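> Structure, please.
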Amino acid sequence: MERLFYGTNENQFGDLRLPEGDGPHPVAVVIHGGFWKEHFGLEIMNDVAESLTSQGFATWNIEYRRVGQEGGAWPGTLKDAAEACDYLTQLSDSYSLDLSKVVTIGHSAGGHLALWIAGRHRLSADSELVTNASPLPIAAAVSLAGVNDLHKMYEVHQKRDSTLSLQPTNPTSELLGGSPDEYPTRFKEASPLELLPLNVPQVIVHGSLDINVPVGISDHYYQMAENLGDFIKYVELPEDEHFMLTNVSSPAWETILEEMDLLKKHL
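Numbers count the residues shown, from 1 in each chain. Have a look, this model is predicted:
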């Protein structure tokens, strides 16, 4: 494993792992979750990255500035994820990476970023989130219990806090700086659902027992993507909750590996 910086900030780096063989290697851009908050870092995806590397992917496990850190939240968190992905163009020759076979795969908030990276070519040229006029094309995107609809996730937290009389805490609002009414453009540009059709093959995996990101978010996203003509596969795991999808010793991860192997064969 080699740690490489794609920017000048201490959080703008990734860990590159290479599989056995000479390459060129297909690449999995691995993106951690944690509701974009500062106290969750890329180390929570180390096992995932190592597992994918053993299956023949070069893995680029990326870090990014997060909510609570200087430069994090809107727009820095999203721009960092984009720039980390585009940095592969500077690594491809030295590390024998096949840039025609780049797959983004993320969990939870990382699932949001995995789909968003794949769809950012759909942003208007004047968007604050545009970092590259010609972003690196993504061959496929995989969302594991992803926050694929930011507006819906905002509503989920609002309703929960109101119903249970909890102290308001809304990670989506913290990411984007406010509510959909306050920042409609931010919600539109940052949400994968709003960028559909992505025109990129997608695999959506979600556990039915997830209480962190409701499975209905993936249900709705899948229906919308399919109706708009995207090639998308939806895998619902009836016995799994949120965190089993990154537990590499679980049956859920075996299913995810099978999906990744299928993608690798057909890229």
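> ok, the spatially closest residue to residue 178 that is not a sequence neighbour - contacts?
Spatial nearest neighbour of residue 178, chain neighbours left out: residue 186 (8.0 Å); criterion: C-beta to C-beta, 6 or more residues apart in numbering. Bear in mind the C-beta positions are built from the backbone N, C-alpha and C, glycine included. By C-beta atoms under 8 Å, 6 or more residues apart in numbering, the contact set of residue 186 is 74, 176, 177, 178.
> Now do stretch 240-252: distance from first to last residue.
7 Å (C-alpha to C-alpha, to the nearest Å).
> quick one, strands of the protein?
2-5, 13-17, 25-31, 58-62, 97-107, 140-144, 202-207, 232-237 (DSSP state E).
> For the spatially most central residue of the chain, give its distance to residue 33.
With distances taken as C-alpha atoms, centre = their mean, residue 114 lies nearest the centre of the chain, 2.5 Å away. Using C-beta to C-beta, to the nearest Å, residue 114 is found at 10 Å from residue 33.
> coming back round to it: want to throw the strands of the chain into a markdown table with mean pLDDT?
Below are the strands of the chain laid out as a markdown table (pLDDT from 0 to 100):
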| stretch | mean pLDDT |
| --- | --- |
| strand 2-5 | 98 |
| strand 13-17 | 98 |
| strand 25-31 | 98 |
| strand 58-62 | 98 |
| strand 97-107 | 98 |
| strand 140-144 | 98 |
| strand 202-207 | 98 |
| strand 232-237 | 98 |
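> Go through the ones you listed and pick out the most buried.
strand 140-144 (a mean of 30; mean count of other C-beta atoms under 10 Å).
> Let me know the angle separating it from strand 97-107.
20 degrees (axes from the mean of the first three to the mean of the last three C-alpha atoms, to 10 degrees).
> Just the CA coordinates for strand 140-144, please, in CSV.
C-alpha atoms of strand 140-144 as CSV (Å, rounded to 0.1, in the frame of the first residue of the first chain):
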residue,chain,number,x,y,z
ALA,A,140,-19.4,1.5,-13.5
ALA,A,141,-20.6,2.7,-10.0
VAL,A,142,-21.5,0.7,-7.0
SER,A,143,-23.5,2.1,-4.1
LEU,A,144,-23.6,0.1,-0.8
